[in-house]
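Enquirer: What would the 3D arrangement of this be:
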Amino acid sequence: MSKLYDVIILGAGPGGLAAGLYSGRARLSTLIIEKGSDGGQIAITDEIENYPGQVLEDESGPSLIARMTKQCEHFGCERVSDTVVSVELKGDVKKVTCNNGTYEGKTVIIATGAYPRPIGCEGEKEFASKGVSYCATCDANFFEGFDVYVVGGGDSAVEEAMYLTKFARNVTIIHRRDELRAAKSIQEKAFKIENLHFMWDSAVTKLYGDGILSEMDVKNVKTGEITHIVADEEDGMFGLFGFIGRIPNSDLFKDTGLELDERGYFITDDNMCTNIPGVYVVGDVRVKELRQVVTAAADGAIAATMADKYVNGLI
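Expert: This next block holds a predicted model:
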């Protein structure tokens, strides 16, 4: 007879690990299922500066996540490395079927995350976290005084570009069209910023550099002309930020009855509760304004606390 866990957590990013820490400390039997390495998107981040209480020198995504993982182990969380293929979430017992087994729990916390839509240029993966970024709030400080380029033309792209102008020497938005898609009110603010520039009808096609991004090709989509951009000689590098949307890891749950918005993000209340009792969602995969390690961790703490109350009949 299979074990009935109090909590099953799907995903071991900051949200899932924080949920594991809190549920483990609450003496709930907890299982964390993760198909890859712990950390999610933060695991590929070389430097972190904005997580409260972090190590000030040489903190990286992997080093921060490693400590979170140890905390979960310390408080008794069980671990499974496997890929979830289906879930049954309604009823008192939730079932999670993976490639190598089926697990049952009284509650499920979904922490499957989201990932940036790729820019789609040659060399993008090679220079991820080595000049290429997808989060201005995370990485703006690392490009202080440098030139920065932003791919995109929607609200997020323009807002992030404006944020980057506080740090970078110059910021250039590269957009495939001849006008922005962002709201007019946002555009009006952007056009007034002196160090914010625009490359219209353009797309980044190839990135170059010796270990760090220092050159790129930008193609005019109307004329086919290629502009080769080279970093300032004294800088030796520049930043390239992609803001053309994020993709939530929610496809697996589309037929489960859970409420999703039009983009595929889970809809929760402030307590991480979904429309199905005993099912919670945390981190980047839910509808929220700020997607950061600190907000994912907060989500996890809240969800685990609510799961504890649910398991003990307090809600």
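Enquirer: Point out where the protein drops to low pLDDT.
Expert: Under the criterion pLDDT under 70, the flagged ranges of the chain are 1, 44, 46.
Enquirer: for it, what spans make up the helices?
Expert: 14-25, 61-74, 136-139, 155-164, 184-191, 293-311 (DSSP state H).
Enquirer: hey, which of these is tucked in deepest?
Expert: helix 14-25 (a mean of 29; mean count of other C-beta atoms under 10 Å). All C-beta spots, glycine's among them, are computed from the backbone N, C-alpha and C.
Enquirer: what's the closest of the helices of the chain to residue 224?
Expert: Nearest of the helices of the chain to residue 224, taken as C-beta to C-beta: helix 155-164 at 23.7 Å.
Enquirer: counting contacts, what elements does the closest one pack onto?
Expert: helix 136-139, strand 147-151, strand 170-174, helix 184-191, strand 239-242 (3 or more C-beta pairs under 8 Å, 6 or more residues apart in numbering; DSSP states H and E).
Enquirer: can you redo those as a markdown table with distance to residue 299?
Expert: Listed next are the helices and strands packed on helix 155-164 as a markdown table, based on distance: least, C-beta to C-beta, whole Å:
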| stretch | distance to residue 299 |
| --- | --- |
| helix 136-139 | 17 |
| strand 147-151 | 27 |
| strand 170-174 | 31 |
| helix 184-191 | 27 |
| strand 239-242 | 24 |
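Enquirer: So which of these is nearest residue 40?
Expert: It is, among the helices and strands packed on helix 155-164 and with distance given as C-beta to C-beta, helix 136-139, at 13.1 Å.
Enquirer: and the closest one, what does it pack onto?
Expert: helix 155-164, strand 239-242.
Enquirer: Longest strand in this structure, please.
Expert: strand 101-110 (DSSP state E).
Enquirer: buried stuff in that one?
Expert: 103-110 (16 or more other C-beta atoms under 10 Å).
Enquirer: Residues contacting it, please?
Expert: With C-beta atoms under 8 Å, 6 or more residues apart in numbering as the test, strand 101-110 has contacts from 2-11, 16, 19, 23, 31, 33, 80, 82, 87, 89, 92-97, 253, 266, 272, 278-282, 285, 300, 303-304, 307, 310-311.
Enquirer: Buried subset of those as a ChimeraX selection?
Expert: The following ChimeraX line selects those of the contacts of strand 101-110 that are buried, judged by 16+ other C-beta under 10 Å:
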select :5,6,7,8,9,10,11,16,19,23,31,33,80,82,87,89,94,95,96,253,266,272,278,279,280,281,282,285,300,303,304,307,310,311
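Enquirer: Restricted to strands, list the contacts of strand 101-110.
Expert: Using DSSP E, those in strands are 4-10, 31, 33, 80, 87, 94-97, 279-281.
Enquirer: Distance to residue 207 for the helices and strands packed on helix 136-139 - can I get that in JSON lines?
Expert: Formatted as JSON lines, the helices and strands packed on helix 136-139 follow (distance: least, C-beta to C-beta, whole Å):
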{"stretch": "helix 155-164", "distance to residue 207": "18"}
{"stretch": "strand 239-242", "distance to residue 207": "7"}
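Enquirer: Out of those, which is closest to residue 61?
Expert: Of all the helices and strands packed on helix 136-139, strand 239-242 comes closest under C-beta to C-beta, at 17.3 Å.
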